[in-house]
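attaching a predicted model along with its sequence, questions to come.
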Protein chains: 2
Amino acid sequence: MALVVQKFGGTSVADPDRIRAVADHIARTRRGGDDVVVVVSAMGKTTDELIRLAGEVSGTPAAREMDMLLTAGERITMALLCMALIDMGVPAVSFTGSQAGIVTDTTHGKAKILEVRAHRLTEALAAGNVVVVAGFQGVSTALDVTTLGRGGSDTTAVALAAALSAAACEIYTDVTGVYTADPRIVPDARRLPLVSYEEMLDMAATGGKVLALRSVEFARNHGVAVHVRSSFTWEPGTWVREEDPSMEQAMISGVTHDTGEAKVTIAGVPDQVGIAARVFRALAEESVNVDMIVQNVSKSGITDISFTLPKDDLKKAGKVIEGLVGDLGATGWDDDTGIARVSLIGAGMKTHPGVAATMFEVLAREGVNIEMISTSSIRISCVVRADNVERAVRALHDAFGLAEGSTGPVLVS
Amino acid sequence: MALVVQKFGGTSVADPDRIRAVADHIARTRRGGDDVVVVVSAMGKTTDELIRLAGEVSGTPAAREMDMLLTAGERITMALLCMALIDMGVPAVSFTGSQAGIVTDTTHGKAKILEVRAHRLTEALAAGNVVVVAGFQGVSTALDVTTLGRGGSDTTAVALAAALSAAACEIYTDVTGVYTADPRIVPDARRLPLVSYEEMLDMAATGGKVLALRSVEFARNHGVAVHVRSSFTWEPGTWVREEDPSMEQAMISGVTHDTGEAKVTIAGVPDQVGIAARVFRALAEESVNVDMIVQNVSKSGITDISFTLPKDDLKKAGKVIEGLVGDLGATGWDDDTGIARVSLIGAGMKTHPGVAATMFEVLAREGVNIEMISTSSIRISCVVRADNVERAVRALHDAFGLAEGSTGPVLVS
């Protein structure tokens, strides 16, 4: 008998029928002898609807109150799920983030979990209950309701799995696992049975939407084995866990892409010590999430600095840059929302130095111009025009032999 | 500078426009120099919608989880209202029932307030905020989320007014006050500027829907002056407070009616000591709210016992009675859902012994048969056929001179 954490996202609990299907699955897990802690998101489009209401009463809704508002969503799901479980003869008890002891800092809208005080959960489990916890939410050290930001329910699930030493953290979603590329773009993309934390981190950071970056970081830091799987087919999905040194590493695990970023370029910046630091410190202070940064070396003593950032942060960043351009002695700046990023991820890349060259060759052959490049030990990312990105993904997926039944990479030199 | 509690019901906050109108009113109160504590209900039909969802996942939704579910409703309203206030430049902070220190017993679905620990509210007021509290909800001594049952938000408002020694508790609703009869049935019904707690209690108990019985009891017990008024016209409404001995008492304050009850009759019961006690103890143990009770004196040694109860409780009561009939040696029982009750309320009735006789005469003249009668010192209630009740209300309202511009009672002997 083990303890399993099962997390169900918004599409998995979108309506009463789905909630009963989920309850049935939990009931079967429970009858199989395992203790179960369930983490739920808000039903379907509930969060979008609440955000819309907020927009109708206020131009800039107060962050504390936005958290109070949005946390109503999971509350509804968890109560309904418990009712359905009890109706099936399975004792169940729901807990809000606060009741579950999810203690966070005071950053409304994207609070960080500081501590999990899970004694109410362990008591309820010991009394024979399935425990259902509201994902995405916690209580701050100032006793206010907080939310954990994007992917917050995944983070709740992983944090509870860590705190309760669960055997596994199952993340149920509307896809059957982690794929070598987005199957909507690459129809013969292949499901990966296993990816390492490192690979998953790079996938999440570069547009893989299956798991949020923070939850993967949390899982890696606490050694939580995560199983991403479908609540529609219930088939086994993808395990995310520690790299197993005895296994042969695939050179490339997948191709990801991201169309949610924009590029900002500051032109004609004097090439002096401390300029980049000033720019990115100022952006950090406004909580702008800068991703790729490229600064060209110059001969003329002036340079251009380019960086990418989420489109949502562009307005904030624009204000910061506008205020800096004069101080820096730069000639101007502009932004570009027509970009996308395509990335290759693979732990085996470390020992295959030719991967980057192959990637650039494939893109060149497709006539896709590369505007920015950044690399890590297990990832290569290129910024390209947004209207080229799907073609780039398909070409790379094909060239590196990632498709179902493929015989492997065909182009690596 | 005083402290005012303002409560807004579901129709008052039914949509974003209404919420902004309410925020505007609160802002004006605040700018007038008063501290304001606001209590809100769930928006419009939110609660009905949540109950519908519960019905779709479970035949008999668990009470604890039903409370968890329903409390999402006020949470949404209060967050939106705070956002709207902040948007208007008025600092505002929302608190759940639990955060507001509304401590209740553990009776899910109709918990009783045991204590109000309002220190977070007084701190937030001292910091210059409008404080917005979720009505209808609290936290039990077992740390579970509870709801206060029907009219619960009114009770929250009155309890907070008592705990914070507020100058007044304003209950904003979709009617402009307490009327001499339901204006939908009696078009010339008159708004009462003032009613005593006692009269309001009897009105609430006999079908007056403006204030819930529990909130009036709470107001009387704690001496809270309640002002019932409209959030659509904002005009002054009806004050509910201590009877003022210097004022001349109206003989009759109003006519109320109630079509939500049914009658149960147990026939052929042996006329023995302790029979009634057994019946009503058994019903009380199942939480059936029995209202009027009539037992006819018999010569034959057997009697009939009749009582009224909310139609919603009929199923529960039927089970209890079915089990008792044999034990009691009764010949049988039946129920009747075709009844209604009409009541006359008036503090001045105490000193006018002819009121009951006049009431019976008026009903007789209208051809309305009386099936049961019960009286208190300031109330007379008659059970009649449901299809006669509107006629009975109009006739009594007219006969006792309650209409706008009326010269007073015309029939009292």
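Looks like it came in fine. Numbering: from 1, shown residues only, chains lettered A, B, ... in the order given.

ends of stretch A:259-279, what's the gap?
Length of stretch A:259-279, first residue to last, CA to CA, to the nearest Å: 24 Å.

how much space between residue A:167 and residue A:226?
12 Å (CB to CB, to the nearest Å). Glycine gets a C-beta too; all of them are placed from N, C-alpha and C.

what about the residue of the stretch 151-300 of chain A found nearest chain B, how many residues nearby?
Closest to chain B within the stretch 151-300 of chain A is residue A:231: 15.7 Å, counting by CB to the nearest CB. Using other CB atoms under 10 Å in any protein chain shown, the number of residues around residue A:231 comes to 21.

on that earlier part again, for residue A:167 and residue A:226, work out which one has more neighbours and name it.
residue A:226 (28 against 15).

isn't the residue of the stretch 151-300 of chain A closest to chain B right up against residue A:12?
Yes. Contact criterion CB atoms under 8 Å: residue A:231 and residue A:12 qualify, at 3.8 Å.

need the residues touching each of those two.
Shared contacts of residue A:231 and residue A:12 (CB atoms under 8 Å, 6 or more residues apart in numbering or on different chains): A:18, A:22, A:172-174.

just the helices in the stretch 151-300 of chain A please.
A:152-163, A:197-205, A:213-222, A:275-285 (DSSP state H, counting those that start in this stretch).

residue A:309 is in what secondary structure piece?
Using DSSP states H and E, the element containing residue A:309 is strand A:302-310.

which other helices and strands contact that strand?
Contacts defined by 3 or more CB pairs under 8 Å, 6 or more residues apart in numbering or on different chains; DSSP states H and E place strand A:302-310 against strand A:261-270, helix A:275-285, strand A:293-295.

out of those, which is the most enclosed?
Among the helices and strands packed on strand A:302-310, strand A:261-270 has the highest mean neighbour count (mean count of other CB atoms under 10 Å in any protein chain shown), at a mean of 20.

residues in contact with stretch A:325-336?
Contacts to stretch A:325-336, defined as CB under 8 Å, 6+ apart, come from residues A:262-270, A:275, A:278-279, A:302, A:314, A:318, A:321-322, A:324.

just stretch A:124-132 next, same as before
So stretch A:124-132 is contacted by A:3, A:26, A:30, A:35-40, A:78, A:81-82, A:85, A:90-95, A:121 (CB under 8 Å, 6+ apart).

what about stretch A:196-209, average pLDDT?
Taken as a whole, stretch A:196-209 has a mean pLDDT of 88.

re the thing from before, go back to the contacts of stretch A:124-132 and keep what's next to chain B.
Near chain B, judged by CB under 8 Å from any CB of the partner chain, the entries from these are A:78, A:81-82, A:92-94.

which members of those residues are the farthest-apart pair?
Greatest spatial distance among these (CB to CB): A:81 and A:93, at 11.0 Å.

quick check: bridge partners of the nearest residue to residue A:97 once chain neighbours are set aside?
Leaving aside its sequence neighbours, residue A:97 sits nearest to residue A:137 (CB to CB, 6 or more residues apart in numbering or on different chains; 3.5 Å). When bridges are called by DSSP bridges, residue A:137 pairs up with residue A:147.

just to revisit the earlier point, so can I have TSV of the shared contacts of residue A:231 and residue A:12 showing distance to residue B:404?
Formatted as TSV, these follow (distance: CB to CB, whole Å):
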residue	distance to residue B:404
A:18	56
A:22	58
A:172	64
A:173	64
A:174	62
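
buried set for stretch A:311-324?
A:313-314, A:317-318, A:320-321, A:324 (16 or more other CB atoms under 10 Å in any protein chain shown).

which among the contacts of stretch A:124-132 end up buried?
A:3, A:26, A:30, A:35-40, A:78, A:81-82, A:85, A:90, A:92-95, A:121.

quick one, phi/psi of the nearest residue to residue A:254 once chain neighbours are set aside?
Nearest non-adjacent residue to residue A:254, counting by CB to CB, 6+ apart: residue A:180, 4.5 Å away. Reported as degrees, to the nearest 10, the phi and psi values for residue A:180 are phi -70, psi -20.

dump the residue contacts of residue A:180.
Shown in contact with residue A:180 (CB under 8 Å, 6+ apart): A:186, A:189-190, A:192, A:253-255, A:397, A:402-403.

let's see it at 7 Å
Applying CB atoms under 7 Å, 6 or more residues apart in numbering or on different chains to residue A:180 gives the contacts A:189-190, A:192, A:253-255, A:397, A:402.

over to residue A:7?
A:39, A:135, A:153-154, A:157, A:170-172.

could you dump the residues you listed to JSON lines with distance to residue A:336 and pLDDT?
Below are the contacts of residue A:7 laid out as JSON lines (distance: CB to CB, whole Å; pLDDT from 0 to 100):
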{"residue": "A:39", "distance to residue A:336": "39", "pLDDT": "98"}
{"residue": "A:135", "distance to residue A:336": "35", "pLDDT": "97"}
{"residue": "A:153", "distance to residue A:336": "33", "pLDDT": "96"}
{"residue": "A:154", "distance to residue A:336": "31", "pLDDT": "96"}
{"residue": "A:157", "distance to residue A:336": "37", "pLDDT": "98"}
{"residue": "A:170", "distance to residue A:336": "40", "pLDDT": "97"}
{"residue": "A:171", "distance to residue A:336": "34", "pLDDT": "97"}
{"residue": "A:172", "distance to residue A:336": "38", "pLDDT": "96"}
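
emit the ChimeraX select command for whichever of these are buried.
Here is the ChimeraX command that selects only those of the contacts of residue A:7 that count as buried (16+ other CB under 10 Å):
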select /A:39,135,153,154,157,170,171,172
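
tally of neighbours for the closest residue in space to residue A:365 that isn't next to it in sequence?
Leaving aside its sequence neighbours, residue A:365 sits nearest to residue A:395 (CB to CB, 6+ apart; 7.5 Å). Residues within reach of residue A:395, counting by other CB under 10 Å, total 21.

for residue A:395, phi and psi?
phi -70, psi -40.

ok, now residue A:134?
phi -70, psi 120.

was I right to think it contacts residue A:96?
Yes. Here residue A:134 reaches residue A:96: they are 5.1 Å apart, a contact under CB atoms under 7 Å.

any common contacting residues for the two?
With CB under 7 Å, 6+ apart, residue A:134 and residue A:96 have common neighbours residue A:75.

neighbour count for the two, which is higher?
Legend: neighbour count by other CB under 10 Å for residue A:134 and residue A:96, higher for residue A:134 (30 against 22).

tell me the SS of the closest residue to the more buried one other than its chain neighbours?
Residue nearest to residue A:134 in three dimensions, not counting chain neighbours: residue A:74, with 3.6 Å by CB to CB, 6+ apart. Here residue A:74 is helix, with the state taken from DSSP: H, G, I helix; E, B strand; the rest coil.

quick one on the thing from earlier: strands - which of the contacts of residue A:180 land there?
A:254-255 (DSSP state E).

residues making contact with the helix or strand of chain A with the lowest mean pLDDT?
Least confident element among the helices and strands of chain A, by mean pLDDT, DSSP states H and E: strand A:293-295 (a mean of 81). With contacts defined as CB under 7 Å, 6+ apart, strand A:293-295 is touched by A:276, A:303, A:305-307, A:372.
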